[in-house]
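Engineer: Any chance you can model this:
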Amino acid sequence: MTSDVDGDTTELSRPARRQAEIAAYVVKHGSVSANDLVEAFGVSVMTVHRDLDELERQGVVRKYRGGVSAQPTSVFESNVAYRLNTATAEKAALARHARAMIEPGMSVMLDDSTSALALVDLFEDITPLTVATNFLPAISKLTELRDVTLLALGGLYSATHDSFGGMPCAEAVEALHTDLLFCSVSAVSATHAFHQEEEIVLVKRAMLRSAKTKVLLVDHGKLQRTALHRLAPLTDFDVVVVDEKTPDDLIKPLRDNGATVEVAKL
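Structural biologist: Alright, predicted model coming up:
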């Protein structure tokens with residue numbers, strides 16, 4: 001009887017393991033076709049589509065005709081697993097630059113961007129700090145730091161973003177006033193910051209209203225792009241930090257339109 005139970009458990013877990021492997025494969029490659037997955041995993045087209053349906057339901061990937069993607073579009077934000085593995089060197093450079101703006105004793109707000117998350121690893125030697133965030137990976141890291149007062153901003157949980165949002169989160173944000181806000185967005189034009197999702201914009205706008213100094217962290221891959229929802233003019237941020245891979249002809253329009261731009265060294 002015991003062996004039957006163990007066998008059933010193993011059989012039930014096999015699709016979940018395969019789906020996790022497929023998710024990792026899509027995240028690594030950005031976009032792949034269904035046929036690519038059939039060949040890579042040695043399963044039928046029907047099985048691949050069934051697995052992709054489940055992964056799309058979880059918000060891990062986005063299906064389109066003939067394939068699947070983890071990459072963002074002007075309407076859909078990418079899953080957090082994909083974002084955690086893109087532009088890592090640039091995000092680390094942005095974080096090092098931003099770290100110089102923080103002094104012990106300050107209150108700092110972080111949004112649910114992986115650019116702001118990179119800052120958390122640099123907090124240890126600038127404590128004491130008070131840090132507010134709605135991003136679960138940041139909350140988990142901050143619980144391990146000494147002399148950090150953590151304000152975990154709750155709300156409606158999103159598995160796609162691994163963060164809390166919605167009106168409950170926006171209201172929690174608006175009850176605070178921090179010295180600094182570090183945030184990022186999905187797209188930046190010459191004049192404005194954009195994001196694909198209304199619920200995310202709602203919380204980010206509340207954060208902008210709740211911080212004395214507002215810092216936008218943007219790697220060069222997000223520039224000269226737009227998304228569905230306009231978050232705010234770049235002039236609403238005290239500083240826009242870009243990485244040094246950003247071409248001068250992309251920085252100049254930002255400055256010409258009134259933004260204060262600083263360049264982070266890699």
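
Engineer: any idea how far T143 is from the closest residue to L136 other than its chain neighbours?
Structural biologist: In this structure, L136 finds its nearest non-sequential neighbour in D162, 4.8 Å apart by Cβ to Cβ, 6 or more residues apart in numbering. The C-beta positions use only the backbone N, C-alpha and C, and glycine is treated the same way. According to Cβ to Cβ, to the nearest Å, D162 and T143 sit 15 Å apart.

Engineer: out of these two, which sits in the more crowded spot?
Structural biologist: A side-by-side neighbour count of D162 and T143, using other Cβ atoms under 10 Å, places D162 first with 21 against 10.

Engineer: Find the nearest non-adjacent residue to the residue nearest to the spatial centre of the chain, please.
Structural biologist: The centre of the chain sits closest to S113, judged by Cα atoms, centre = their mean, with a distance of 3.3 Å. Sequence neighbours aside, S184 is the residue nearest to S113 in space, at 3.6 Å (criterion: Cβ to Cβ, 6+ apart).

Engineer: got a pLDDT number for the residue nearest to L136?
Structural biologist: pLDDT, D162: 90.

Engineer: from what I can see it touches T133, true?
Structural biologist: No: contact criterion Cβ atoms under 8 Å: D162 and T133 do not qualify, at 11.6 Å.

Engineer: Now do the shared contacts for the two.
Structural biologist: D112 (Cβ atoms under 8 Å, 6 or more residues apart in numbering).

Engineer: ok, the residue nearest to the centre of the chain - contacts?
Structural biologist: R83, F135, C183, S184, V185, L217.

Engineer: where's the first one relative to K222, distance?
Structural biologist: What that stands for is R83. Distance, R83 to K222, using Cβ to Cβ: 11 Å.

Engineer: do the same with the second one
Structural biologist: The gap separating F135 from K222 is 18 Å, by Cβ to Cβ.

Engineer: Does V173 touch A206 like I think?
Structural biologist: Yes: the criterion here is Cβ under 8 Å, and V173 meets it with A206 at 4.1 Å.

Engineer: could you point out which element follows the one helix or strand E171 maps to?
Structural biologist: Using DSSP states H and E, E171 sits within helix 166-174. Using DSSP H and E, the helix or strand that directly follows helix 166-174 along the chain is strand 178-183.

Engineer: And for the residue nearest to L176 when sequence neighbours are not counted, the neighbour number?
Structural biologist: If the residues on either side of it in the chain are set aside, L176 comes closest to S210, at 5.3 Å by Cβ to Cβ, 6+ apart. The number of residues packed near S210 is 19, by other Cβ under 10 Å.

Engineer: can you check D238 too?
Structural biologist: 16.

Engineer: For A92, give me its contacts.
Structural biologist: With Cβ under 8 Å, 6+ apart, A92 has these contacts: A118.

Engineer: Pretty sure it sits in a strand.
Structural biologist: No: the assignment for A92, made by DSSP: H, G, I helix; E, B strand; the rest coil, is helix rather than a strand.

Engineer: partner residues bridging F164?
Structural biologist: Here F164 sits in beta bridges with Y157, as judged by DSSP bridges.

Engineer: my guess is it meets L156, correct?
Structural biologist: Yes: assessed by Cβ under 8 Å, F164 is found in contact with L156 at 6.5 Å.

Engineer: Looking at these two, which one has more neighbours?
Structural biologist: Neighbours were counted for F164 and for L156 using other Cβ under 10 Å; F164 has more, 22 against 13.

Engineer: can you pull the contacts of the residue nearest to D51 when sequence neighbours are not counted?
Structural biologist: Among residues not flanking D51 along the chain, Q19 sits closest, at 4.9 Å (Cβ to Cβ, 6+ apart). The contact partners of Q19, by Cβ under 8 Å, 6+ apart, come to D51, E54, L55.

Engineer: of those residues, closest to A264?
Structural biologist: L55 (34.1 Å; Cβ to Cβ).
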